[in-house]
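[1] Need the 3D shape of this:
(one chain, ligands or ions: 1)
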Amino acid sequence: MRPAHAVIDLDALRHNYRLARELGGGKALAIVKADAYGHGAVRCAQALAAEADGFGVACIEEALELRQAGITAPIVLLEGCFEADELALVVAHDLWPVVSTPEQVQALCEWRGEAALTVWLKLDSGMHRLGLDPVQFRAAHARLSALPQVAQIVMMSHFARADELDSPRTAEQLAVFAAATAGLAGQTSLCNSPALLGWPQVRSDWARPGLMLYGADPFAQATATSAGLRPVMTLRSKIIAVRELAAGEPLGYGARFVAQAPTRVGVVAMGYADGYPQFAPNGTPVLIDGVRGQLIGRVSMDMLTVDLTSHPQAGVGSAVELWGSDIRLAELAPLCATSAYRLPCGLKRVPRQYQG
Ligand SMILES: *Cc1c(COP(=O)(O)O)cnc(C)c1O
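    As a prediction, this is how the structure comes out:
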């Protein structure tokens with residue numbers, strides 16, 4: 001059997017969820033969109049089911065997968081309904097749609113159903129992706145509040161630059177939110193992971209942690225708070241072949257690495273088709289039998305190569321960790337011109353093993 005696999009530590013997931021909720025000081029919506037950032041949405045939601053206040057997903061398909069797996073907690077559709085006829089399913093499965101466009105407001109006004117919905121009304125406080133502008137927001141709040149088909153409104157917004165601790169933008173967005181919601185009834189929801197970890201002055205009734213649940217640090221430099229996160233995914237494989245290169249010999253596609261001196265090379269069963277970053281440069285850290293080493297040569301579809309020159313004990317069968325507790329996503333991502341969000345999301349083909 002191919003030794004490539006990802007270990008998912010569900011105890012770590014619960015630890016991170018509790019940390020997020022504690023930091024937020026209210027309820028916390030565990031964001032499990034995109035298959036829980038590659039960690040497996042059903043298994044992660046089940047692991048949190050006993051304590052999570054609710055879950056957040058990107059679309060109704062993701063929500064129904066959770067409902068079919070027996071998840072009964074509230075589920076927020078972060079982008080709302082893509083088509084008006086989804087509202088019937090939303091009601092049938094007790095989902096909470098975000099309403100962030102004039103079209104979604106209109107669809108809700110025209111909808112006639114039995115049950116009354118909880119909707120999350122989204123303000124564009126400065127990210128300029130989804131959300132109503134302040135004037136539209138207040139008008140929509142008044143209009144929706146008057147509808148029998150709307151039971152309650154949670155007022156939300158999303159930060160564009162909360163991961164930049166020196167940017168004034170988060171405070172500016174917060175001020176826009178405060179002004180736009182002044183005097184309006186309803187709970188609030190503001191914080192994503194970087195806001196929870198880095199902006200203690202920004203708080204709301206519902207936090208929306210995603211990345212931090214999986215133990216990845218959204219900041220380039222860990223803070224005292226983010227250092228308390230426990231990585232959830234460890235990506236592992238083994239060395240499947242070893243060879244010696246003489247000085248001057250090239251390694252792999254494109255001869256990106258050429259040995260300057262005699263070099264012992266290990267071939268690892270892990271490639272870009274598994275989700276390992278294809279453009280990881282020479283020198284990218286890997287853990288070989290528990291000791292830090294480095295990647296050399298271009299990453300191929302199913303394999304990659306590592307330098308074993310200073311790992312004389314390592315050989316065929318040696319364990320290799322590509323990311324996890326030692327090689328943190330926050331360290332790896334910038335080296336590979338990607339993000340800590342993208343790396344686990346890109347996981348493919350590799351079987352996941354659950355612990356805890
Ligand atoms: C994905 C998402 C989140 C979670 O963001 P993280 O940075 O992963 O914590 C929160 N809110 C909304 C609206 C999202 O789309």
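[2] CA atoms for contacts and neighbours, from now on please.
    Fine.
[3] In space, not sequence, find me the middle residue of the protein.
    With the centre of the chain defined as its mean C-alpha position, the nearest residue by CA atoms, centre = their mean is residue 211, 3.8 Å away.
[4] which outside residues touch the lengthiest strand in the chain?
    Ranked by residue count, the top strand of the chain under DSSP state E comes out as strand 233-245. Identification of contacts with strand 233-245 by CA atoms under 8 Å, 6 or more residues apart in numbering yields 3-9, 39, 214, 259, 262-270, 315-325, 344.
[5] among the residues you listed, which are in helices?
    residue 344 (DSSP state H).
[6] Put the buried members of the contacts of strand 233-245 into a ChimeraX selection.
    Burial among the contacts of strand 233-245 is assessed by 16 or more other CA atoms under 10 Å; the matching ChimeraX selection reads:
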select :3,4,5,6,7,8,9,39,214,259,263,264,265,266,267,268,269,270,315,318,319,320,321,322,323,324,325,344
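[7] per-residue confidence at the closest residue to residue 240 other than its chain neighbours?
    For residue 240, ignoring the flanking residues on the chain, the nearest one in space by CA to CA, 6 or more residues apart in numbering is residue 316 at 5.2 Å. According to the prediction, residue 316 has pLDDT 98.
[8] again, but for residue 179
    pLDDT for residue 179: 98.
[9] Make sure it is indeed in a helix.
    Yes: the assignment for residue 179 by DSSP: H, G, I helix; E, B strand; the rest coil puts it in a helix.
[10] show me what contacts the closest residue to the residue nearest to the centre of the chain other than its chain neighbours?
    Of all residues beyond its chain neighbours, the one nearest residue 211 is residue 193 (6.1 Å), with distances taken as CA to CA, 6+ apart. For residue 193, the contact set (CA under 8 Å, 6+ apart) comprises 20, 208, 209, 210, 211, 212, 218.
[11] again, only using 7 Å
    By CA atoms under 7 Å, 6 or more residues apart in numbering, residue 193 lies in contact with 209, 210, 211, 212.
[12] follow-up on the earlier one: sheet partners, orientation included, of the longest strand of the chain?
    Strand 233-245 sits in its sheet next to strand 5-9 (antiparallel), strand 263-268 (antiparallel), strand 319-323 (antiparallel), going by DSSP bridges.
[13] which residues sit against the second one?
    Spelled out, it's strand 263-268. In contact with strand 263-268 (CA under 7 Å, 6+ apart) are residues 237-246, 303-309.
[14] Give the partner strands of the following helix or strand past it in its sheet and their orientations.
    In the C-terminal direction, the helix or strand that comes right after strand 263-268 (DSSP states H and E) is strand 285-288. Strand 285-288 sits in its sheet next to strand 291-295 (antiparallel), strand 319-323 (antiparallel), going by DSSP bridges.
[15] Please produce TSV containing those strands, extended by mean pLDDT.
    TSV is the format used below for the strands paired with strand 285-288 (pLDDT from 0 to 100):
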stretch	mean pLDDT
strand 291-295	98
strand 319-323	98
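[16] just so I know, which of the ones you listed lies nearest residue 228?
    Closest approach to residue 228 among the strands paired with strand 285-288 (CA to CA): strand 319-323, 17.6 Å.
[17] Pull out the buried residues from the helix or strand immediately after that closest one in the chain.
    Next helix or strand after strand 319-323 toward the C-terminus (DSSP H and E): helix 329-335. For helix 329-335, a neighbour-count test (16+ other CA under 10 Å) marks 329, 330, 331, 332, 333, 335 as buried.
[18] got CSV for the residues you listed, with pLDDT too?
    CSV is the format used below for the buried residues of helix 329-335 (pLDDT from 0 to 100):
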residue, pLDDT
329, 97
330, 96
331, 96
332, 97
333, 97
335, 97
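[19] could these be laid out in a markdown table, adding distance to the ligand?
    Formatted as a markdown table, the buried residues of helix 329-335 follow (distance: CA to the nearest ligand atom, whole Å):
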| residue | distance to the ligand |
| --- | --- |
| 329 | 13 |
| 330 | 13 |
| 331 | 17 |
| 332 | 17 |
| 333 | 15 |
| 335 | 20 |
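[20] how deep is residue 275 tucked in, by neighbour count?
    If you count neighbours by other CA atoms under 10 Å, residue 275 ends up with 20.
[21] pretty sure it is touching residue 349, no?
    No: when contacts are counted by CA atoms under 7 Å, residue 275 is not listed as touching residue 349 (8.3 Å).
[22] Excluding sequence neighbours, find me the nearest residue to residue 173.
    Closest residue to residue 173 apart from its sequence neighbours, by CA to CA, 6+ apart: residue 125 at 5.0 Å.
[23] Go over the secondary structure and confirm that neighbour is in a strand.
    No: Residue 125 sits outside any strand when classified using three-state DSSP, being coil.
[24] ok, it - how many residues close by?
    Per other CA under 10 Å, the neighbour tally for residue 125 reads 27.
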